[in-house]
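A.B. asks: here are the coordinates; sequence isn't available:
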């Protein structure tokens, strides 16, 4: 057979009163007639259990994985095509990325053959392209600063300094931090002229360092003809002050007609929120260590200080646990003949990837040098397909398969609270995690356990009778209470998604919950005594589409989230004054179902990540969308 693959085209036809219909056409570009084959593809728009298929038969579906067989008599000759249609989908398609995300064929002899594919087309209606989402913007002050400072009163100068250098008498800590920010700049902008020199240069400007009792992470910059005075109280504030200088100098060099460097004036700056976070899901798609390190650099450039690392989910387990090698030998591999079937972006070849403990230590050290705390997440008790497939003894084998409750198409994806091995497993995982991550918190997920889960497990029914537990969420509360005790004993605090509060929740002391469903949930959690981070899907989930138009990529379950809305969204909202001390900050969430390329990542994440960074740092009265739009174009991408 030639190396030319088959190609799959897909379109979605809207049908009033239904979720519409998929039409697939497979083109045979090989040099042989194909018979007895099967076609597999992955798609977030799934075929429902009750469906009608014309011209094919659905053989199996596992979450986003679908495998179809053509009619038995079909012989697909070279150059010919096969079309089949499917009605009965789990939801209507809304955008061009709601179709195929990967595809392959299994031939009659067992070989897996790659299949190329295009965007999902819209049938019967004209699909439209999204308009420009970012205006040119305008500047009241011609300085490139993002996030914008709390107070900024500057006068633009004429000549741009050749470089900034430490004034005579500067201490080793100041020089070392200047080098650290210089290296950060060089990693992000490797072809740009450097902002700093450790030795005095002709045409340069000296930086005079001073200490004062400013707020945590705060700094001040005073500009005068004789030099720049940088005042800070702690190491983070020193880094942020130097980052601000690097940003202004870079902007003045990159776009001199628009941006200038100050010759006089003052910046007095401190963060609005203590928790300024960014989450990344590495389970659906694996990000190499170099990408994680670059993302950390981008966070530091934006003065974000929390990296929430979502390391496990149904699709894969991505961190080495020495006590359980199968978690990565099995749980980090997906492929046609693997225990975990292909999911979003997986084709004919096996895809695998995990972070060794040595790599994790290197990434944690890199983050710490940038004043970023990494919060690891092991998603439990739900979203555990990869763990359960890797360690089958964690499941109650007495449950009938048709009794399982599932989320996102995965059957039986929740750890069983009544199995002692569950807690032995988690204890060993936590022991290794806390050796790798010095963070105050360990995030344990706690989200999206399907109502009805565990109720067919004889072991769970016995536990419910013994403990007087009612329903799925009572069991979840029991389970998470034990998990919190395990973390308390290890000197760590529990963080989780807002569903941790279901069924009675856990002790709110030293517990931080992330309100992702909506802002109102965050207020309710604060009333219950929990510390809260606001990260609503409707504003801060960066996989959401940015426009209604068909050709705009992304997810849409939380609505359409243009950059302007993300920027202007106010997490505090209607938070009562007496509860604002429970609001610790805000966070961007990057879920990776739609990020099958770095181009998609950059299109969807930026500039909205920068917008959230400014919302996390800059006081509301100082925010300005038009100014932000003008400045954010200079920001680095992954």
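C.D. replies: The structure has been received and is ready for your questions. Every value quoted in this text rests on a predicted model; they were computed, and no experiment measured them. Numbers count the residues shown, from 1 in each chain.
A.B. asks: Which stretches in the stretch 451-600 of the chain count as strands?
C.D. replies: For the stretch 451-600 of the chain, the strands defined by DSSP state E, counting those that start in this stretch occupy 493-497, 511-515, 531-534, 583-590.
A.B. asks: could you dump those to JSON lines with distance to residue 99, mean neighbour count and mean pLDDT?
C.D. replies: Yep, even glycine has a C-beta here, placed from its N, CA and C like the rest. Formatted as JSON lines, those follow (distance: least, Cβ to Cβ, whole Å; neighbours: other Cβ atoms under 10 Å; pLDDT from 0 to 100):
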{"stretch": "strand 493-497", "distance to residue 99": "29", "mean neighbour count": "23", "mean pLDDT": "98"}
{"stretch": "strand 511-515", "distance to residue 99": "31", "mean neighbour count": "26", "mean pLDDT": "98"}
{"stretch": "strand 531-534", "distance to residue 99": "33", "mean neighbour count": "26", "mean pLDDT": "98"}
{"stretch": "strand 583-590", "distance to residue 99": "22", "mean neighbour count": "24", "mean pLDDT": "98"}
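A.B. asks: who wins for proximity to residue 367 among these?
C.D. replies: strand 583-590 (15.4 Å; Cβ to Cβ).
A.B. asks: Where does residue 113 sit, in terms of helix or strand?
C.D. replies: For residue 113, the host element (DSSP states H and E) is strand 112-117.
A.B. asks: C-terminal to that strand, what's the next element?
C.D. replies: Heading C-terminal from strand 112-117 (DSSP H and E), you reach strand 121-122.
A.B. asks: in its sheet, what does that following strand sit against?
C.D. replies: Its sheet considered, strand 121-122 pairs with strand 6-13 (parallel) by DSSP bridges.
A.B. asks: what's the strand it pairs with in contact with?
C.D. replies: Residues from elsewhere that reach strand 6-13 (Cβ atoms under 8 Å, 6 or more residues apart in numbering): 20-30, 34, 39, 41, 45, 92-93, 98-100, 103, 105, 113, 115-118, 120-124.
A.B. asks: So among those, which ones count as buried?
C.D. replies: For the contacts of strand 6-13, a neighbour count by 16 or more other Cβ atoms under 10 Å gives the buried set as 20-24, 26-28, 30, 34, 39, 41, 45, 93, 98-100, 103, 105, 113, 115, 117, 120-122.
A.B. asks: Next, check those residues against the strands and list the overlap.
C.D. replies: Assignment to strands by DSSP state E places the following of those there: 21-24, 26-27, 39, 41, 100, 103, 105, 113, 115, 117, 121-122.
A.B. asks: between the strands of the stretch 451-600 of the chain, which one is nearest to residue 190?
C.D. replies: strand 583-590 (23.8 Å).
A.B. asks: Now do the closest one against strand 511-515, angle only.
C.D. replies: Orientation check (axes from the mean of the first three to the mean of the last three Cα atoms, to 10 degrees): strand 583-590 against strand 511-515 gives 50 degrees.
A.B. asks: Residues contacting strand 583-590, please?
C.D. replies: Contacts for strand 583-590 (Cβ under 8 Å, 6+ apart): 273-281, 306, 308, 512, 514, 516, 522, 526, 531-535, 537, 540-543, 571-572, 575, 601, 605, 608-609, 612, 615-616.
A.B. asks: Am I right that residue 183 falls within a strand?
C.D. replies: No. If the criterion is DSSP: H, G, I helix; E, B strand; the rest coil, then residue 183 is helix and not within a strand.
A.B. asks: Could you number the chain from 14 rather than 1 from now on?
C.D. replies: Happy to do that; since the first residue is 14 now, the last one works out to residue 196.
A.B. asks: Quick check: next helix or strand after the helix or strand hosting residue 73?
C.D. replies: Residue 73 is part of strand 70-75 when elements are defined by DSSP H and E. Downstream of strand 70-75, the first helix or strand assigned by DSSP H and E is strand 78-82.
A.B. asks: Show me what the helix or strand following that next one pairs with in its sheet, parallel or antiparallel.
C.D. replies: On the C-terminal side of strand 78-82, the closest following helix or strand by DSSP H and E is strand 94-102. Sheet pairing of strand 94-102 (DSSP bridges) gives strand 34-40 (antiparallel), strand 60-67 (antiparallel).
A.B. asks: can you list the residues that contact strand 94-102?
C.D. replies: 28, 31-41, 58-61, 63-69, 71, 81, 83, 87, 89.
A.B. asks: ok so, going back, let me have the strands paired with strand 94-102 in a markdown table, extended by mean pLDDT and distance to residue 251.
C.D. replies: What follows is the strands paired with strand 94-102, written out as a markdown table (pLDDT from 0 to 100; distance: least, Cβ to Cβ, whole Å):
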| stretch | mean pLDDT | distance to residue 251 |
| --- | --- | --- |
| strand 34-40 | 98 | 56 |
| strand 60-67 | 95 | 56 |
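A.B. asks: out of everything not next to it in sequence, what's closest to residue 464?
C.D. replies: Of all residues not flanking residue 464 in the chain, residue 485 sits nearest, at 5.2 Å (Cβ to Cβ, 6 or more residues apart in numbering).
A.B. asks: Surely the one you found touches residue 473?
C.D. replies: No. Using Cβ atoms under 8 Å, residue 485 is not in contact with residue 473, being 9.2 Å away.
A.B. asks: Check this protein for me, the residue farthest from its geometric middle.
C.D. replies: residue 86 (45.4 Å; Cα atoms, centre = their mean).
A.B. asks: returning to what we had before: would you pull up how far the strand holding residue 73 lies from the middle of the chain?
C.D. replies: Distance of strand 70-75 from the chain centroid (Cα atoms, centre = their mean, to the nearest Å) equals 29 Å.
A.B. asks: Quick check: the residue farthest from the centre of the chain vs residue 71, distance?
C.D. replies: From residue 86 across to residue 71, the span is 18 Å (Cβ to Cβ, to the nearest Å).
A.B. asks: For the nearest residue to residue 164 once chain neighbours are set aside, give the beta-bridge partners.
C.D. replies: Leaving aside its chain neighbours, residue 164 sits nearest to residue 281 (4.2 Å; criterion: Cβ to Cβ, 6+ apart). On the basis of DSSP bridges, residue 281 is bridged to residue 164, residue 233.
A.B. asks: now residue 281: how far from residue 245?
C.D. replies: For residue 281, the distance to residue 245 - Cβ to Cβ - is 12 Å.
A.B. asks: Show the end-to-end separation of stretch 88-103, please.
C.D. replies: Terminal residues of stretch 88-103 are spaced 31 Å apart (Cα to Cα, to the nearest Å).
A.B. asks: May I see the buried residues of that stretch?
C.D. replies: Quick answer for stretch 88-103 (16+ other Cβ under 10 Å): 89, 95, 97-102.
A.B. asks: got it, and stretch 73-88?
C.D. replies: Residues 74-83, 87 are the ones in stretch 73-88 that count as buried (16+ other Cβ under 10 Å).
A.B. asks: if we can go back for a sec, could you give me the ChimeraX syntax to select whichever of the contacts of strand 596-603 are buried?
C.D. replies: This is how ChimeraX selects the buried members of these, with burial counted by 16+ other Cβ under 10 Å:
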select :286,288,289,290,291,292,293,294,319,321,525,527,529,535,539,544,545,546,547,548,550,553,554,555,556,584,585,588,614,618,621,622,625,628,629
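A.B. asks: Test my guess that residue 66 contacts residue 79.
C.D. replies: No. If you go by Cβ under 8 Å, residue 66 and residue 79 don't touch, sitting 10.5 Å apart.
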